[in-house]
Structures are given as structure tokens and as C-alpha cells.
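Enquirer: okay, here's the prediction I keep looking at, along with the sequence it came from:
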Amino acid sequence: MSSLTDTGAAQVESRERQKAHARQRSLARIGLIIAVIAVAGLIAAPFFVYPVFIMTVLCFALFATAFNLLLGYAGLLSFGHAAFFGGAAYFTAHAVKVWGWEPLLAILLGAVGAGLMGLVVGFVAIRRQGIYFAMVTLALSQMIYFIFLQAPFTHGEDGIQGVPRGDLLGLVDLNRPLNIYYFVLLIFLVGFYAVWRIVHSPYGHVLQAIRENENRAISLGYRVERYKLGAFVMSATIAGLAGSTKAIVLQIATLTDVAWQMSGEVVLMTLLGGMGTIFGPAVGAALVVTMQNYFATSDVPVTVIVGVIFVLCVLLFRRGIVGEAIRFLKR
């Protein structure tokens, strides 16, 4: 009798697993369809929308996606990611304007510089957990902010202005709107794919295991601190890639990109879109940048509007816009 019961239970469990796999396959197909539609829309977008606005959205979307790699998948809340975003912008702007570097090489310099800063900050910060980790990243980012404030090459509060866009590889004139737009779109797609690949790799699965239960991951023999440091450096590098690209697009690097308020903005973008989702941070970044752009001339302060929308999302969409959509599709 017990053997029959066990057999029935095994069959039920097998059917449940099959249903779960079928749901995952369906969600994957839906995600692929949405991704194809989004890419097609971005390719056609500059013919209908102001290209500089879309490029700004893409830069912040990549920044939020990089931050989500750390917060959404590794469970580490950093209040200092503006240091990598703005620091890379300064490196790139200086390399292009003063040293006369080619734009792509200067952008790579900014990303590498941000990665090195992430290595130093992460090495110190990962020794703490929770709120202490967040406070250490905030303190170190403020130190970096004051370094950039006092450094001669940053020109203080004036920033580095009039950054030339130059010629890509000496062949493509980036002063033409369509040329630079598709260049920025390519950088965004490469950075986005890099995050997607990291998340869906065995390394990304270990990060998610650390996020869910760090002590169990340690008991399984994983060097948790190394995984955290690796995630921090990769997140900082991709954030630096976004900041470097933004310096070329807007032709300026300022202290605003390094200030702690920028770190707060990227947290807001990630939570609005959906922490721990692939598309969520990009959606949140697009929403925030759009509101800042279109409500900039209104009588109501933009920060008030963004704050109200954030409170409504926290109360009604606790998983974020994309997170709630995924939950609805699963149900």
C-alpha cells in the first residue's frame, strides 16, 4: 500500500516539475519576443524621437542594469556606484579632450578605470554585510567625490566641458546624430548581454545562492568573498562603461555624476523597474529619465513627482513594474 502511495506521490511531483519547466520555457519565449521587439524599436527610434534623449536613456539603463547585477543577484546594496559612473566619465573626457584619444579607446579606459576603483572599494567593503556594507561604500564614494573635486584635471565644479566626440576608429564621424546613436546602442547591447550572460552562468547561479543563504553557500565550500568581489568589480566596470559613454554623448563630465544623489537615483531606477529582473532596471531608468526630461519645466519639482511614483510603486508594485508583470504571467 505504501509503495502505491509513494508511486502516486512521485508521479504528482514529476507532473509538477514538468509544469514548472513548461512555465519557464514559456517565460523564456516571451522574454525573447520582447527583447527582439525592443531591439527593433531602438533601431527605428532615432527617426521618431530626439536621438540625444534616447542615448541618455540607454546610458542610464546600462548603469541601472550594472547596479542590478550587484543588488538584484548578489544581494549587495551599494550606495557608492556613482563613483564608478562619474569617475569613468572623467577619465574618458580627459583622455579625449586633453590626450586626443580615439573615442572607443577612451571609453574602454573609463571602464577599466572604474573596474580598478571597484576592486579597491570592493576589497574593503565586502568585509562587512548588510547596512554596514552600504555605509562603507557610501563613505568611500564620498572620498572619491572629494578627490575629483580637488583634482586639477577635473576643473572642480566646472567639470570637463566641450568634450569632442571625434571619429570612431578614425573612420566614422560621431558628430553625426545617427552615427553616434548606433554606436551607443551597440555599447548598450554589448553591456546588457554581458550582464545577461553573467546572470545565467554557473557564476551567476552561485551569486544567487549567496544572496538567498550565504551560510549555506559557505558550507558548500564556495569562497563567498571572492564571488562578491568579482560581482562588485564587474558591476563597477559596466557602470563605468555607461558613464564613459554618457560623457561622449553629452560632451561633459561633472561632479553631478559622482555625487551620492546619483547613487540614490540608480537605486530608485532598479527598484521601480524590478530588482532581480533582467529588463526591470532598464525600464525603471527609462521611466525616471523620461520624467526628469518632460517635467523639468513644470511648476512641480521633478523630485516630488518621482518620489510620489516611487511610493505608489512600493505600495502597489512591491516587485517593481517588470517583477509584477512576471508574477502575473506565472500565475
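Expert: Right, received. Where do you want to start?
Enquirer: hang on, residue 268 packs against residue 288?
Expert: Yes - with contact defined as Cβ atoms under 8 Å, residue 268 counts as touching residue 288 (6.4 Å). Glycine gets a C-beta too; all of them are placed from N, C-alpha and C.
Enquirer: anything in contact with each of the two?
Expert: Counting by Cβ atoms under 8 Å, 6 or more residues apart in numbering, the contacts common to residue 268 and residue 288 are residue 306.
Enquirer: show me which of these two is the more surrounded one.
Expert: Taking neighbours as other Cβ atoms under 10 Å, residue 268 and residue 288 compare with residue 288 leading, 23 against 20.
Enquirer: where's the residue nearest to that one when sequence neighbours are not counted, which helix or strand?
Expert: Distances taken as Cβ to Cβ, 6 or more residues apart in numbering place residue 269 nearest to residue 288, at 5.2 Å, with adjacent residues excluded. Applying DSSP states H and E as the criterion places residue 269 in helix 260-273.
Enquirer: and the contacts of that helix?
Expert: Contacts of helix 260-273 (Cβ under 8 Å, 6+ apart): 60, 63-64, 67-68, 71-72, 77-83, 85-86, 138, 141-142, 145, 256, 279-285, 287-288, 306, 309-310, 313-314, 320-322.
Enquirer: in PyMOL, select just the buried ones from those residues.
Expert: Applying 16 or more other Cβ atoms under 10 Å to these, the buried members can be selected in PyMOL as follows:
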select buried, resi 60+63+64+67+68+71+72+77+78+79+80+81+82+83+85+86+138+141+142+145+279+280+281+282+283+284+285+287+288+306+313+320+321+322
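Enquirer: looking at the contacts of helix 260-273, which are in helices?
Expert: 60, 63-64, 67-68, 71-72, 82-83, 85-86, 138, 141-142, 145, 280-285, 287-288, 306, 309-310, 313-314, 320-322 (DSSP state H).
Enquirer: count of neighbours near the closest residue to residue 287 other than its chain neighbours?
Expert: Closest residue in space to residue 287, ignoring its immediate chain neighbours: residue 272 at 5.9 Å, by Cβ to Cβ, 6+ apart. Residue 272: 26 surrounding residues under other Cβ under 10 Å.
Enquirer: ok, residue 79 - contacts?
Expert: 134-135, 137-138, 141, 260, 263-264, 267.
Enquirer: kindly recompute the last result at 10 Å.
Expert: Applying Cβ atoms under 10 Å, 6 or more residues apart in numbering, we find residue 79 in contact with 131, 133-142, 260, 263-264, 266-267.
Enquirer: likewise for residue 253?
Expert: Taking Cβ under 10 Å, 6+ apart, we find residue 253 in contact with 86-94, 96-97, 110, 148, 154-155, 159-161, 163, 243-244, 246-247.
Enquirer: now those residues: which count as buried?
Expert: Judged by 16+ other Cβ under 10 Å, buried ones among the contacts of residue 253: 86-94, 96-97, 110, 148, 154-155, 159-160, 163, 243-244, 246-247.
Enquirer: now, which of these lie within helices?
Expert: 86-94, 96-97, 110, 148, 243-244, 246-247.
Enquirer: so residue 291 belongs to a helix, correct?
Expert: Yes - with DSSP: H, G, I helix; E, B strand; the rest coil as the criterion, residue 291 is part of a helix.
Enquirer: thought it was touching residue 301?
Expert: No - taking Cβ atoms under 10 Å as the definition, residue 291 is not a contact partner of residue 301, at 11.3 Å.
Enquirer: neighbour count winner among those two?
Expert: Taking other Cβ under 10 Å, residue 291 and residue 301 do not tie; residue 291 has more neighbours (16 against 11).
Enquirer: check the more buried one and give its pLDDT.
Expert: Looking at residue 291, its pLDDT is 84.
Enquirer: burial check on residue 252, number of neighbours?
Expert: Using other Cβ under 10 Å: residue 252 sits among 18 other residues.
Enquirer: how about it: what's its closest non-neighbour residue?
Expert: The nearest residue in space to residue 252 (Cβ to Cβ, 6+ apart) is residue 161, at 5.2 Å.
Enquirer: equivalent analysis for residue 63, please.
Expert: residue 242 (4.0 Å).
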